[in-house]
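J.: from the sequence below, what's the structure:
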Amino acid sequence: MSDEMEAKLQAYLVTRESQWSSPVVHDLRSISVGWESDVYAFDLEHGTMGARQRLPLILRIYPGEVAADKAAREFGGMSLLYRAGYPVPAVHLLEREASPFGQPFVIMDRVDGTPMWRQLRDPDPHRVQALITQFCQLQITLHRLDWRPLVPDPARYDADAYTVVDWELAQLDDWLRTPGLSSYAPVRDWLVARRDRAACPHPSAIHGDLHPENVLLRADGTAAVIDWTQVTVSDARFDLAWTLMVIGCAMGDAWRARFLAEYERLAGAPVEELDYFDVFACLKRLLIIAIVVHQGPGRMGLRGNVLATLRRQEQAMRWVYRRLMAHTGLHVADAERILASFAS
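T.: Numbering: from 1, shown residues only. This next block holds a predicted model:
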């Protein structure tokens, strides 16, 4: 399969006008099969005779019904962030329609690094704390970037402090129209009733799925942040709440508390109304799982085998559901049915 894909990529690059002259693809191999994409590493030799160069690159192929939009969002967002000096890999090529693989793809620089999550297992507590600080500083730096280049209409965000939360609520409404999800509606109603708690004091650039697995650390300790399919402009608290939810369900309450404490220390202030955004994050996670179960992974732009992965993460889903119930006092029948099916 890799040889066939390498030949297809070679033919594509030879016939497509790009910044690379006389390109030759070497050593294409799969390195990751994630929720949202297939990731391949390869080397690209290019240049004129006597001045050939070899670049380490990544080919990221997107599945699902919204694949073209995800590819474009990631490419555009990473391009802007790279120009702003934020530590992301440089992106080189976006293909939405003429892909030889039948799915959109992006080509970007390959980072020689390992995910931060693995390094958080270091037995040295000072090393671990330094990693937590590095991670939180990356997120705060992102939240403090000039967000206006990321959207075509920044004035809309400045005009109304509730623009962001209203968009998030509208997305929930869209998901809740999926057959079988009516039992989640009371949680949405809980959020609507407390909408006044979610005024956005200033919009921010957000990652949308920032956690230690999406931070690669090079040998010299410098970081590169990857996986930008959810990049957008929103309230930074949506981003932080999602991060803390992912960390909490994977590592437990104590780790979640450590990351939050360090974020607040570096930010210089406590995060206001975080419980509201915590409920939002938990509901979104449960709805994504429910839509995958009821409609299939393609509806959410995810790989076909993601359901098997979700089944193995039953305890993480239980953590999310317990947290939602603790905040709201609400039970969700469909979530409980899914949890029971995962446990069987």
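J.: closest to the centroid, which residue in the chain?
T.: Central residue of the chain (C-alpha atoms, centre = their mean): residue 209, 3.1 Å from the mean position.
J.: that one: what secondary structure?
T.: coil (DSSP: H, G, I helix; E, B strand; the rest coil).
J.: list the contacts for it?
T.: By C-beta atoms under 8 Å, 6 or more residues apart in numbering, the residues touching residue 209 are 227, 229-230, 242, 246. Using the backbone N, CA and C atoms, a C-beta is placed for each residue, glycine as well.
J.: take these and keep only those in helices.
T.: Taking DSSP state H as the definition of helices, the contacts of residue 209 contribute 242, 246.
J.: possible to save the contacts of residue 209 as a markdown table with pLDDT?
T.: Rendered in a markdown table, the data for the contacts of residue 209 read as follows (pLDDT from 0 to 100):
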| residue | pLDDT |
| --- | --- |
| 227 | 96 |
| 229 | 95 |
| 230 | 95 |
| 242 | 98 |
| 246 | 98 |
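J.: tell me which of the contacts of residue 209 is nearest to residue 170?
T.: residue 230 (16.2 Å; C-beta to C-beta).
J.: find the nearest non-adjacent residue to that closest one, please.
T.: residue 208 (2.5 Å; C-beta to C-beta, 6 or more residues apart in numbering).
J.: can you pull the pLDDT of the residue of the chain most remote from its centre?
T.: Distance from the C-alpha centroid of the chain peaks at residue 50, with 41.2 Å (C-alpha atoms, centre = their mean). pLDDT, residue 50: 85.
J.: for residue 9, same thing?
T.: In this prediction, residue 9 carries a pLDDT score of 96.
J.: picking up where we left off before, what is the burial count for the residue nearest to residue 230?
T.: 17 (other C-beta atoms under 10 Å).
J.: correct me, but it touches residue 236?
T.: No: counting by C-beta atoms under 8 Å, residue 208 stays clear of residue 236, with 11.5 Å between them.
J.: surely residue 85 forms part of a strand?
T.: No: Residue 85 is assigned coil when assessed by three-state DSSP, not a strand.
J.: show me the helices in the stretch 51-200 of the chain, by range?
T.: 67-83, 116-119, 125-143, 154-159, 163-176, 185-193 (DSSP state H, counting those that start in this stretch).
J.: out of the ones you listed, name the one with the poorest average pLDDT.
T.: helix 154-159 - the lowest mean pLDDT of the helices of the stretch 51-200 of the chain, at a mean of 87.
J.: that helix packs against which elements?
T.: helix 163-176 (3 or more C-beta pairs under 8 Å, 6 or more residues apart in numbering; DSSP states H and E).
J.: run through who's touching the helix it packs on.
T.: For helix 163-176, using C-beta under 8 Å, 6+ apart, the contacting residues are 156-157, 160, 181-182, 184-185, 188, 191-192, 195, 198-200, 203, 233-235, 238, 280, 283-284, 287, 291.
J.: so how do I select the buried members of those residues in PyMOL?
T.: If you want just the buried ones from the contacts of helix 163-176 in PyMOL, going by 16 or more other C-beta atoms under 10 Å, the selection is:
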select buried, resi 157+181+184+188+191+198+200+203+233+234+235+238+280+283+284+287+291
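J.: in strands, which of the contacts of helix 163-176 fall?
T.: Among the contacts of helix 163-176, the ones falling in strands (DSSP state E) are 233-234.
J.: show residues contacting stretch 28-40.
T.: Counting by C-beta under 8 Å, 6+ apart, residues outside stretch 28-40 touching it are 2, 5-6, 9, 41-42, 58-64, 70, 227, 229, 301-303, 305-306, 309.
J.: pLDDT-wise, which helix or strand of the chain ranks last?
T.: Least confident helix or strand of the chain, by mean pLDDT, DSSP states H and E, is helix 306-312 with a mean of 84.
J.: report the buried residues of the next helix or strand after it.
T.: Sequence order places helix 314-328 as the next helix or strand after helix 306-312, per DSSP states H and E. Residues of helix 314-328 classed as buried: 314, 316-317, 319-321, 323-324, 327-328 (neighbour count, 16+ other C-beta under 10 Å).
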